[in-house]
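*Asks:* Give me a model of this one.
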Amino acid sequence: HKDGYGFAIPLDKSDDLYLSNGQMRKVFDGDEALVKISNIDRRGRREGEIVEVLKRVHRSLVGRYCEENGIGYFLPDNPRIKNEILISPRERGTVKDGEIVQIQILEYPVDRFSAQGRIIEILGEYLDPGLEIEVAIRSHDIPSTWCDQVLAEANDFRLPDEVEIEKRIDFRELEFVTIDGEDARDFDDAVYCERKHAGWRLLVAIADVSHYVRPGTGVDEEAFCRGNSVYFPNRVVSMLPEILSNKLCSLLPHEDRLVLIC
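*Replies:* Next comes the predicted model:
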């Protein structure tokens, strides 16, 4: 909660346990902990006390670096994490008061001792254009880079050859129109409609991603982890490498593409 207290959600689906501000200082939002019931108040609400933190879910955080009377500390951008994280002089680098940074957590909070961190990247000033997008990507742990294995697999993909085309129904003579707007990042869908007897025949085509992304491959596993693409005003964090999302699986004008058609 924005006021500092929180709740432990039991794995057995029983009622939540209230955690005071002091208890919440030992954990970050999302951590798994062993909690004992310390009290039941007059309304029957269970209050909890953290016995042990079993799993820490945050290894790094994004937020603002601050200095006060020579003491450096970090304030997370995540509104569910209220802990201040101390940054010692040797872990600050060239950071300035008020800059947005990413830190690595070196020590987690225990009892009366605060968490400690190291600045691993200075992202910029708070009002720098586009910085809010970079902060959002890192704050929500949105995967935005590709490992070498996935990129190598993706770069081996090619346009359909004549052997593959021979296996498929050829609709290239029909004038399909993409549904996506002209300024779209990728063109996933296209339609064609013609008068047929007393009614109409509609063909709807979508890019055949399954031709390229095979089960068990690195590209498939990475796409499964991401789950979806994330769209920002001027940037897309794609579920698939760019050679697929913006090229081979994008229904570009006058380009041969493999599709599934209904």
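
*Asks:* any chance you could map the helices in the stretch 51-200 of the chain?
*Replies:* 131-139, 148-155, 162-166 (DSSP state H, counting those that start in this stretch).

*Asks:* and those helices, which is most packed in?
*Replies:* The highest mean neighbour count among the helices of the stretch 51-200 of the chain, using mean count of other CB atoms under 10 Å, belongs to helix 131-139: a mean of 17. From N, CA and C alone the C-beta is placed, and that goes for glycine too.

*Asks:* Do me a favour and average the pLDDT over it.
*Replies:* For helix 131-139, the mean pLDDT works out to 87.

*Asks:* Packing partners of that helix?
*Replies:* strand 60-68, strand 100-107, strand 115-124, strand 230-232 (3 or more CB pairs under 8 Å, 6 or more residues apart in numbering; DSSP states H and E).

*Asks:* chain center to it, what's the gap?
*Replies:* Relative to its chain's centre, helix 131-139 lies at 10 Å (CA atoms, centre = their mean, to the nearest Å).

*Asks:* Same question for stretch 157-167.
*Replies:* Centroid separation for stretch 157-167 versus its chain: 34 Å, with CA atoms, centre = their mean.

*Asks:* what's the answer for stretch 147-156, then?
*Replies:* In terms of CA atoms, centre = their mean, the centre of stretch 147-156 is found 20 Å from the chain centre.

*Asks:* ok, His211 - how many residues close by?
*Replies:* 16 (other CB atoms under 10 Å).

*Asks:* surely it meets Arg257?
*Replies:* No - taking CB atoms under 8 Å as the definition, His211 is not a contact partner of Arg257, at 10.0 Å.

*Asks:* Need the residues touching each of those two.
*Replies:* Common contacts of His211 and Arg257 (CB atoms under 8 Å, 6 or more residues apart in numbering): none found.

*Asks:* and the residue positioned nearest the centre of the chain, how far is that from Leu17?
*Replies:* The residue lying closest to the centre of the chain (CA atoms, centre = their mean) is Ile142, at 1.9 Å. Computed with CB to CB, to the nearest Å, the distance linking Ile142 and Leu17 is 31 Å.

*Asks:* cool, and Ile37?
*Replies:* Distance from Ile37 to Leu17, by CB to CB: 7 Å.

*Asks:* what bits of this protein have low per-residue confidence?
*Replies:* Judged by pLDDT under 70, the chain has its weakly predicted residues at 127.

*Asks:* for the stretch 1-150 of the chain, what spans make up the strands?
*Replies:* 6-8, 17-19, 32-40, 46-55, 60-68, 71-76, 85-87, 100-107, 115-124 (DSSP state E, counting those that start in this stretch).
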